[in-house]
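Chemist: I need the structure of the sequence given here:
(one chain, ligands or ions: 1)
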Amino acid sequence: MRKAILIAMIFALAFSTMQVYSVKAPETLIWSGNVYSSGVTTTGPVLDAFIQYRVVAYEVFYYSRPSYLAADAQYYTTDPIHDWTWYNHFPAPGGHSFLQIDEEDVDWGPFSNGVWQDGGHEYSIYYEGTGAQITFRIVDWIDGDYTNNSCHLPVEIYELPLETGYTPGFWKHNIGVYLGYNRGAYSAFRDGTKLTAALLEMYAATVGVTLEDAYAAVSARGNREGQAQIRADMANAFNAAAGYGPFIDED
Ligand SMILES: [Ca+2]
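Modeler: Just a heads-up that it's a prediction; the model follows:
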């Protein structure tokens, strides 16, 4: 009898451990590269359209090597210190970022100071693929002179865990394909399973909406809070119906 209880406990423990483990599925590193302060473009891999990835930028470069004046993905210092720990910092001028993606500025978030081993000057964003190669470049917003620059920023791209949900843009595209609003093909989930009309009909039935109404919700226009919430709520209702968690909403 005791043995039976012990076995039951072991099974219960194993099951609960598995459950916890499945929630903490890891991200997968799919690419790493360097972006040089010479201003040349670094081309990364093709990233699937409407699929979120995490992009991480590390370290610092010199926007004026002779003076040891450094910048990272988003911030720069005017203190000529040859060190990871800066005594002052300013955001890139004009709302820009030093490290751009697809030739556009990125909001890399709050300042991060200190040695790279402790995560200093490390920045991370979620990026939705476009079906094209992602590109990176450093823009020197300080003196515009690339001949006095030195060093590079390492960059990494991670695929998100399989249970992560999909964005309003993903559902808008695929429901749009179903309704004939978009030319183009159905997307695949991260595990490679391709969406179909039958799957979309099943998700809509589970959510309790028509695909026309779902489309209207995920494409709710405007940037006001209420409309973003409508888009997010409908996307996450479809995510749940498809067996996924919520998408990562950075707003
Ligand atoms: Ca420079």
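Chemist: pLDDT at Ala4, what is it?
Modeler: Ala4 carries a pLDDT value of 53.
Chemist: What helix or strand is the spatially most central residue of the chain located in?
Modeler: With distances taken as CA atoms, centre = their mean, Tyr126 lies nearest the centre of the chain, 1.7 Å away. Applying DSSP states H and E as the criterion places Tyr126 in strand 123-128.
Chemist: For the following helix or strand past that strand, buried residues please.
Modeler: As assigned by DSSP H and E, the chain's next helix or strand after strand 123-128 is strand 133-138. Neighbour counts using 16 or more other CB atoms under 10 Å place 134, 136-138 of strand 133-138 among the buried residues. To be clear about C-beta, it is placed using only N, CA and C from the backbone, and glycine gets the same treatment.
Chemist: any chance of those residues in CSV, plus pLDDT and distance to the ion?
Modeler: Shown next, in CSV, are the buried residues of strand 133-138 (pLDDT from 0 to 100; distance: CB to the ion, whole Å):
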residue, pLDDT, distance to the ion
Ile134, 98, 25
Phe136, 98, 18
Arg137, 98, 14
Ile138, 98, 10
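Chemist: separation between the residue nearest to the centre of the chain and Gly165?
Modeler: With distances taken as CB to CB, to the nearest Å, Tyr126 is found 12 Å from Gly165.
Chemist: Trp171 now?
Modeler: Shown here: Trp171 relative to Gly165, a distance of 10 Å by CB to CB.
Chemist: Pro154 now?
Modeler: Pro154 is 29 Å from Gly165, where distance means CB to CB.
Chemist: My read is that Glu140 contacts Tyr36, right?
Modeler: In this structure residue 140 is Asp, not Glu. No - look at Asp140 against Tyr36 with CB atoms under 8 Å: they stay out of range, at 11.5 Å.
Chemist: Run through the protein and note the low-pLDDT ranges.
Modeler: For the chain, residues meeting the criterion pLDDT under 70 lie at 1-24, 251.
Chemist: can you do 80?
Modeler: 1-25, 222-225, 251 (pLDDT under 80).
Chemist: Near the ion, which residues of it are found?
Modeler: Selection of the chain residues close to the ion by CB under 5 Å from the ion yields 63, 140, 143, 145, 148-149.
Chemist: Looking at the residues you listed, spot the one nearest Met202.
Modeler: Within these, proximity to Met202 (CB to CB) peaks at Asp140, which comes in at 52.0 Å.
Chemist: And for the closest one, the neighbour number?
Modeler: 20 (other CB atoms under 10 Å).
Chemist: which residues sit in contact with the closest residue to it other than its chain neighbours?
Modeler: Of all residues not flanking Asp140 in the chain, Tyr63 sits nearest, at 5.3 Å (CB to CB, 6 or more residues apart in numbering). Neighbour list for Tyr63: 37, 69-71, 76, 98, 140, 142-143, 148-149 [criterion: CB atoms under 8 Å, 6 or more residues apart in numbering].
Chemist: Which members of those residues are positioned in strands?
Modeler: 69-71, 76 (DSSP state E).
Chemist: Domain ranges for this protein, per the record?
Modeler: 28-159, 168-241 (automatic domain parsing).
Chemist: Please identify which pair of the buried residues of strand 133-138 lies farthest apart.
Modeler: Spatial extent of these (CB to CB) is set by the pair Ile134 and Ile138 at 14.9 Å.
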